[in-house]
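In: My questions concern the predicted model and sequence given below.
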Amino acid sequence: MKCDLVIKGGRVVIPKVGIRAFDICITGERVVGLISPEDGVEGNATIDASGKYIFPGVIDPHVHWGHSGSIASEIPGESRAAAIGGCTTIIFYPLGNSYYDKKLPIVGPTGPRQNKTGTEVIANLGEDYGYHECRAKTESLSYIDVAFHFKMSDQARIKRIDSFIRDWGISSFKFLMAYKNRPGAFNEFRDGWFCAALSALAKYGRAVACVHAENDEVVEYFTERVMQKGGQGLSAWAECRPDFAEAECVSRALYFGEITGCPVYIVHLSARRSLEEFNRFRQKGNKAYAETCPQYLLHHFKSPIGILGKVQPPLRTEADCSALWEGIANGWIDTLASDSCATPLAVKRGQGDIWTAGSGFPGTATILPLMISEGYHKRGISLERIVELTSYNAANIFNLYPRKGTIMVGSDADLVIVDVNLEKTVTPSLIQGFCDYTIFDGWNVKGWPVLTMLRGRVIMKDGQLTVKESSGKYIPRNDFLNNQ
């Protein structure tokens, strides 16, 4: 067999197949052969992966580019960091958000933009909610491939679901059960139209509702009381967003999904109570999926990172971390995502207290290394399971499979060569992202990507970007319509 490129000598981690000794043949952007080393194969170029593992490119299904500024300023750095961490595809939440309106001011220390109502924001974005501009910018600036989720902020958008899926190739839709009717947020979430939206999505079979599950009224009630008594730090932040506020919304969202038949994907699940509610519904055979993030596995409200760890949902207890690791091991949790928000350090610090500190932090670059180090080496999580969590399951849930999320003939040659014994200390300069900090700064991590390939092209080698221009493409996710 003759091909453009052959990767030889590595152990290939293939989802649902296992770890195999194959030479990977690539022509153009696709894998064209998985050949036994004894059979021999010729390529115009060869990469030696001896002693290393080859994974499918990481898919980070939960990213917020442009969270604290413009997508134009964040995308180059954040996509570079993603490639360094072995990520080749991200799905992010841009559409209908205020940061695509150039007329709006940049966020202040507490986050929301001022002097614009949500209605004005949407009007300024126009009929396409910034879709065409956002797609053009990401394709011109990103080093990795990109897909979009769509933010469902009001009832009017339900009527356009068919267009969003058929014309834009968007098959996943974000619902915020929190942040209702707050300045700059523009979120008119109501249970009634949420059910109507789920019913509309259910007609497509493969469309997914992504749900941020936090009970807004519970959070507001406890926040007021925690602030009145002078609470501070991550413990106060966790106290005002209690675990049952998340668990109740997980239960409610999954119940509505059960009634309507719509697949429901719970984003950034953070608590044992929530995981128990989730599993109760999934055991009944519902189309339910759970995502968690490295911060909820590896940090808690007593962690020394202080206000750098401010995030929604909050960092919780060590017992919650342990419960989530159990969910990783037993298969209850489907995906790992970063919920990456590249909030600059000055914004994170605010005025030095938890209430003025900015929320969110970057994280795409460390998903895979942390899972190899903390999951494979320390907790015995298999490499096959790690691939499911970091790539395969997201590809299946979000209609990227089999183009993404696996290594098979016909799939995109999105590959990561990993040295599972390579040790590095995490620093901002190692990650090379938009932000000047990481919540894992100083951690010794064992297991790092040494090469990242996007659609047959090497974009990262030995921790450095190897391309000078953008490599990314927008990936529509509506191929399933052809089977309807």
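Out: The structure has been received and is ready for your questions.

In: immediately after the helix or strand bottoming out on mean pLDDT in the chain, which helix or strand?
Out: Lowest mean confidence among the helices and strands of the chain (mean pLDDT, DSSP states H and E): helix 118-125, at a mean of 39. With elements assigned by DSSP states H and E, the helix or strand that comes after helix 118-125 is helix 131-141.

In: how far out from the middle of the chain is the next helix or strand after that next one?
Out: Using DSSP H and E, the helix or strand that follows helix 131-141 in sequence is strand 145-151. Mean C-alpha position of strand 145-151 versus that of the full chain (CA atoms, centre = their mean, to the nearest Å) differs by 10 Å.

In: and what of stretch 468-477?
Out: That offset, for stretch 468-477, works out to 17 Å (CA atoms, centre = their mean).

In: Quick one: end-to-end distance for that stretch.
Out: Across stretch 468-477, the straight-line distance between its terminal residues is 28 Å, by CA to CA, to the nearest Å.

In: How about stretch 330-338?
Out: 21 Å.

In: Could I get the buried residue list for it?
Out: Within stretch 330-338, the residues scored as buried using 16 or more other CB atoms under 10 Å are Trp332, Ile333, Asp334, Thr335, Leu336, Ala337, Ser338. For glycine as for every other residue, the C-beta is placed from the backbone atoms N, C-alpha and C.

In: Looking at that stretch now, give me its mean pLDDT.
Out: Averaged over stretch 330-338, pLDDT sits at 97.

In: Same question for stretch 21-28.
Out: 97.

In: which of the residues in that stretch are buried?
Out: Neighbour-count burial for stretch 21-28, with 16+ other CB under 10 Å as criterion, is recorded at Phe22, Asp23, Ile24, Cys25, Ile26, Thr27.

In: Look up which helix or strand the fifth one falls in, please.
Out: Think Ile26. Assigned by DSSP H and E, Ile26 falls within strand 23-27.

In: Does anything pack onto the next helix or strand after that strand? Which helices or strands?
Out: For strand 23-27, the succeeding helix or strand toward the C-terminus, using DSSP H and E, is strand 30-35. If you count contacts as 3 or more CB pairs under 8 Å, 6 or more residues apart in numbering; DSSP states H and E, strand 30-35 packs onto strand 23-27.

In: What is the distance between the strand it packs on and the centre of its chain?
Out: The chain centre lies 28 Å from the centre of strand 23-27; the measure is CA atoms, centre = their mean.

In: Give me the sheet partners of it and which way each runs.
Out: strand 2-8 (antiparallel), strand 30-35 (antiparallel) (DSSP bridges).

In: okay if I get those strands as TSV plus mean neighbour count and distance to Ser171?
Out: Listed next are those as TSV, based on neighbours: other CB atoms under 10 Å; distance: least, CB to CB, whole Å:
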stretch	mean neighbour count	distance to Ser171
strand 2-8	19	31
strand 30-35	18	22
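
In: can you list these in CSV and add distance to Val387?
Out: Formatted as CSV, the strands paired with strand 23-27 follow (distance: least, CB to CB, whole Å):
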stretch, distance to Val387
strand 2-8, 16
strand 30-35, 15
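
In: of all those, which lies closest to Gly306?
Out: With respect to Gly306, and counting by CB to CB, the nearest of those is strand 2-8 at 43.1 Å.

In: what residues does that closest one touch?
Out: With contact meaning CB atoms under 8 Å, 6 or more residues apart in numbering, strand 2-8 is reached by 23-28, 32-33, 37, 41-50, 54, 413, 415, 417, 456.

In: buried set for stretch 32-49?
Out: Across stretch 32-49, burial judged by 16+ other CB under 10 Å covers Val32, Gly33, Leu34, Ile35, Val41, Gly43, Ile47, Ala49.

In: Could you list which residues are in contact with the second one?
Out: Contacts for Gly33 (CB under 8 Å, 6+ apart) come out as Met1, Cys3, Asp23, Ile24, Cys25, Val41, Val409.

In: Same check on the last one?
Out: With contacts taken as CB under 8 Å, 6+ apart, Ala49 has the following neighbours: Ile7, Lys8, Gly9, Gly10, Ile417, Leu451.

In: try the fourth one
Out: Residues in contact with Ile35 (CB under 8 Å, 6+ apart) are Met1, Phe22, Asp23, Cys25, Val41.

In: Widest-spaced pair of those?
Out: Using CB to CB, the pair of the contacts of Ile35 lying farthest apart is Met1 and Phe22, separated by 12.3 Å.

In: ok so, going back, looking at the buried residues of stretch 21-28, which is nearest Arg477?
Out: Closest to Arg477, out of all of the buried residues of stretch 21-28 and judged by CB to CB, is Ile26, at 23.4 Å.

In: mind checking the SS state of Arg160?
Out: helix (DSSP: H, G, I helix; E, B strand; the rest coil).

In: picking up where we left off before, next, format the contacts of Ile35 as a markdown table and append distance to Gly405.
Out: Shown next, in a markdown table, are the contacts of Ile35 (distance: CB to CB, whole Å):
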| residue | distance to Gly405 |
| --- | --- |
| Met1 | 24 |
| Phe22 | 17 |
| Asp23 | 21 |
| Cys25 | 19 |
| Val41 | 24 |
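
In: Which of the residues you listed sits closest to Leu298?
Out: Looking across the contacts of Ile35 and measuring by CB to CB, the closest to Leu298 is Phe22, at 32.6 Å.

In: shouldn't the closest one be in contact with Val31?
Out: No: the criterion here is CB atoms under 8 Å, and Phe22 misses it with Val31 at 10.1 Å.

In: what about Trp193, which helix or strand?
Out: helix 191-202.

In: residues making contact with the following helix or strand past that helix?
Out: Once the chain leaves helix 191-202, the next helix or strand it forms, by DSSP H and E, is strand 208-212. Outside strand 208-212, the residues that touch it by CB under 8 Å, 6+ apart are 149, 171-179, 197-198, 201, 249-250, 253, 257, 262-268, 289, 312, 397-398.

In: Filter those residues down to just the ones in strands.
Out: His149, Ser172, Phe173, Lys174, Phe175, Leu176, Val264, Tyr265, Ile266, Tyr289 (DSSP state E).

In: Look up the residues forming beta bridges with the last one.
Out: Note on Tyr289: beta-bridge partners by DSSP bridges are Tyr265.

In: go on, the fifth one?
Out: Under DSSP bridges, the beta-bridge partners of Phe175 are Val211.

In: what about it, neighbour count?
Out: Other residues within reach of Phe175, judged by other CB atoms under 10 Å, total 22.

In: Surely it and Ala197 touch.
Out: Yes: Phe175 is within contact range of Ala197, at 7.3 Å (criterion: CB under 8 Å).

In: Help me confirm that Gly363 comes into contact with Ser340.
Out: Yes: here Gly363 reaches Ser340: they are 4.6 Å apart, a contact under CB under 8 Å.

In: now stretch 33-48, how far from the centre of its chain.
Out: Relative to its parent chain, stretch 33-48 has a centroid offset of 33 Å by CA atoms, centre = their mean.

In: whoops, I mixed them up, stretch 239-253
Out: That offset, for stretch 239-253, works out to 21 Å (CA atoms, centre = their mean).
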